[in-house]
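Chemist: the following comprises the amino acid sequence and a computationally predicted model.
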Protein chains: 2
Amino acid sequence: MNAVTLSDVAAHAGVSPATVSRVLSASRPVGREVEARVRRAAEELGYAGNGIARALRTRRTDTVGMVVPSILNPFFTALVDSMENALHAEGKHLFLCDSRHSAAVEAEHLRSLIERHVDGIVVSPVHDADSAPAVERSARSVPLVQLDRRVDVPGTDWIGLDDIEAMKLVLTHLAATGVRSAAFVTSELTNSSTSLRLEGFRRWTAALGIRVVADGVVLGDFAVDSGDAAGRRLLDSDDRPDAVVCADDLIAIGVLRAARDRGVAVPGELQVTGIDDIVFASYVTPALTTLAQPTDRMAAEALRLLSRRADAPRGEGGGARVSFAPRLVVRQSTAEVPGAGPA
Amino acid sequence: MNAVTLSDVAAHAGVSPATVSRVLSASRPVGREVEARVRRAAEELGYAGNGIARALRTRRTDTVGMVVPSILNPFFTALVDSMENALHAEGKHLFLCDSRHSAAVEAEHLRSLIERHVDGIVVSPVHDADSAPAVERSARSVPLVQLDRRVDVPGTDWIGLDDIEAMKLVLTHLAATGVRSAAFVTSELTNSSTSLRLEGFRRWTAALGIRVVADGVVLGDFAVDSGDAAGRRLLDSDDRPDAVVCADDLIAIGVLRAARDRGVAVPGELQVTGIDDIVFASYVTPALTTLAQPTDRMAAEALRLLSRRADAPRGEGGGARVSFAPRLVVRQSTAEVPGAGPA
DNA sequence: ATGAAAGCGCTAACAT
DNA sequence: ATGTTAGCGCTTTCAT
């Protein structure tokens, strides 16, 4: 519909296209009077510019692609928001892709992003194994960092949570409230977060002398319904735990619902914890004790690593692994710590 | 990093660039043997293609831009998800922009999308008045439809909820449960949804003989904390309503929290309703009675209108206004309808 | 069925 | 400080 080109502006202002380009991109000094004429011409014609042509020439799109397992998961929504903020501050833009938990869709998105020549890619791979080939291939043609989840690809950077530390924080808190036995509810072991959190759970229950109940590790999805089902199972068991530690807040909210349906008092008879501190964690009843992830800092770090890769000569180099410690947010789904006075 | 071009493939296969293009885009018949040779060459060289160059030439990007007030609002998250689904089905991609409730940021995003030559724009304008200039300007250079919220710009299409019908559904239900007085909590009157919902509230309370309490229309934001504050105000008032009708689920969740803090039983002493049926509406206590929006159908309709505009010669034409009726989802925040037996 | 050539709109050498 | 020229990688007439 709009077809005003840079050459049109040049003709209108009586200068060369190069001069117009210099004025509009401020890439080189230009005479005061000429500059004014060019600006006025551009204004009069309603010149809009063509980012496609510019990108073809400069080989930069000022765009970063982001691929997440599902934007419907509030944690990823928050991560996307943090990335958008961070990019906006640098005048860059975000091209968002949703894998809908499918490695095939994810691979397709990655290919498309590379074809679009984004300046970098931030990806949270859906699957430990299935995601690896596409991630590896992509990392060869564009700066790429993994965020939150990761696959094992040599020479790529990763930013995420210190999962072991996360489990330490949660279990130490629970131990202080008097918990003697616990269960762990998480997703299938097909992504990195899950595996590490389970490892942390095992390590720190052992270290703190908390007993893991029979069938005390339940695998499902990162979803409320999955947590609900797991909760029922655990509550109906003969070996009911003092606490259910969940690998994310959605699962924890499901467990809370199961407890309510079963008439089990939280935190009186059962304590429950999550991870992520999604917005709704504070709105459920009882409000959820969880671990907050510093998504803003993670996003900033992701961008830093991305531009480092962009500047690097061609450095495969070692893959950086930057993990952030979460912050424990104590709410009403866990019990008071004896001796700890009220705030 | 990757620099394999179509010409490289052509040279490798011993054919002209034109032939390679024809094979890879299947745009014209090509000899069987030649085709095989080209495909093998592309494969061997790891040819990826350059979407920028293609877009420059074809003037199509297979990309639709979407601009929403805030992706952190779960309703918009759902809308984005629906759009992504619909686009994915047609092999197109979504370029998502978040206005963070700022008309200035929104205008910037719109400009950027046009510069990127997206094939179309779907926008939910943040502000009745402030958003208008940029929306109007954008609509002149690219097919554009408004979704959910709208500004008054002649000749642009809009898809959204039938807000009057929405209020009718809610209030009819409340009347049936025995509600005699009500209040309405919404955002400031700076966006289209709010104004229409308020109008519907006024019209249908009058029609159904429901009294609007003193100071019974409270304005704030589409946010939980805002609903919480409004809820306290209404509950502390001398003229406490039987029901609080909220303009979205976030507000309603805030009102529920206020009721709990004040020890007011829901739905016994106070009934509460929302709009949107966000995922968490069913997880709060008591689960929220609300109106579900058919976001998938809305997204599909948005795309249909978009391509209609793309095909149109240059038709300003009349702006279509397509509104969808919501579906009432009755949960525990409203009372039983007397005489209506259990399901 | 294939190739040659032009050009999408812009920027970056290279002149002057 | 400004203009001239070439060309980013692709598709698409127009020839053959």
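Modeler: Looks like it came in fine.
Chemist: what sits against the most centrally placed residue in chain A?
Modeler: Geometric centre of chain A, nearest residue: A:L79, 4.1 Å, by C-alpha atoms, centre = their mean. Contact analysis of A:L79 by C-beta atoms under 8 Å, 6 or more residues apart in numbering or on different chains lists A:68, A:124, A:147-148, A:295, A:298-299. Backbone N, C-alpha and C define where each C-beta goes, glycine included.
Chemist: most neighbours, which of the residues you listed?
Modeler: A:V68 (28 neighbours; other C-beta atoms under 10 Å in any protein chain shown).
Chemist: OK, contacts around that one?
Modeler: Contacts of A:V68 (C-beta under 8 Å, 6+ apart): A:76, A:79-80, A:96-99, A:123-124.
Chemist: 10 Å instead, please
Modeler: By C-beta atoms under 10 Å, 6 or more residues apart in numbering or on different chains, the contact set of A:V68 is A:75-77, A:79-80, A:83, A:96-100, A:106, A:109, A:122-126, A:147-149.
Chemist: DNA strand D next: which of those residues are close?
Modeler: By C-beta under 7 Å from any atom of the strand, no member of the contacts of A:V68 lies near DNA strand D.
Chemist: could you list which of these belong to strands?
Modeler: Those of the contacts of A:V68 mapping onto strands are A:96-98, A:122-123, A:147, per DSSP state E.
Chemist: now flag whichever of the residues you listed is closest to chain B.
Modeler: Using C-beta to the nearest C-beta, A:L96 is the member of the ones in strands among the contacts of A:V68 that lies nearest chain B, at 4.4 Å.
Chemist: hmm, B:C97 and the closest one touching each other?
Modeler: Yes - here A:L96 reaches B:C97: they are 9.3 Å apart, a contact under C-beta atoms under 10 Å.
Chemist: which bits of chain A sit near DNA strand C?
Modeler: So chain A meets DNA strand C at A:3, A:5-7, A:17-18, A:20-21, A:24-25, A:27, A:49-50, A:53-54, A:56-58 (C-beta under 7 Å from any atom of the strand).
Chemist: quick one: buried ones out of those residues?
Modeler: Buried members of these, scored by 16 or more other C-beta atoms under 10 Å in any protein chain shown, are A:5-6, A:20-21, A:24, A:49-50, A:53-54, A:56.
Chemist: switch those residues over to TSV; also include pLDDT, secondary structure and distance to chain B.
Modeler: As requested, these are arranged in TSV below (pLDDT from 0 to 100; DSSP: H, G, I helix; E, B strand; the rest coil; distance: C-beta to the nearest C-beta, whole Å):
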residue	pLDDT	secondary structure	distance to chain B
A:T5	96	coil	12
A:L6	96	helix	12
A:V20	96	helix	16
A:S21	96	helix	15
A:L24	95	helix	12
A:G49	94	coil	5
A:N50	97	coil	7
A:A53	97	helix	6
A:R54	97	helix	8
A:L56	97	helix	5
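Chemist: how about these, which pair is most distant?
Modeler: Pairwise distances across these (C-beta to C-beta) peak at 17.7 Å, for the pair A:V20 and A:L56.
Chemist: contacts with chain B among the ones in strands among the contacts of A:V68, please.
Modeler: With C-beta under 10 Å from any C-beta of the partner chain as the criterion, the ones in strands among the contacts of A:V68 include A:96-98 near chain B.
Chemist: can I get those in TSV including neighbour count, distance to B:A42 and pLDDT?
Modeler: Converted to TSV, these look like this (neighbours: other C-beta atoms under 10 Å in any protein chain shown; distance: C-beta to C-beta, whole Å; pLDDT from 0 to 100):
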residue	neighbour count	distance to B:A42	pLDDT
A:L96	27	29	95
A:C97	24	24	96
A:D98	25	29	97
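Chemist: ok now do A:K92, which residues does it touch?
Modeler: A:60-64, A:84, A:86, A:118-120, A:303, A:306.
Chemist: out of these, list just those in helices.
Modeler: A:84, A:86, A:303, A:306 (DSSP state H).
Chemist: is it true that the first one touches A:L303?
Modeler: No - taking C-beta under 10 Å as the definition, A:E84 is not a contact partner of A:L303, at 11.3 Å.
Chemist: any common contacting residues for these two?
Modeler: With C-beta under 10 Å, 6+ apart as the test, A:E84 and A:L303 both reach A:64, A:92.
Chemist: quick one on the thing from earlier: between A:L96 and B:C97, which contacts overlap?
Modeler: A:84, B:66, B:71.
Chemist: got those residues as JSON lines, with distance to DNA strand D columns?
Modeler: Listed next are the shared contacts of A:L96 and B:C97 as JSON lines, based on distance: C-beta to the nearest atom of the strand, whole Å:
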{"residue": "A:E84", "distance to DNA strand D": "29"}
{"residue": "B:M66", "distance to DNA strand D": "25"}
{"residue": "B:I71", "distance to DNA strand D": "32"}
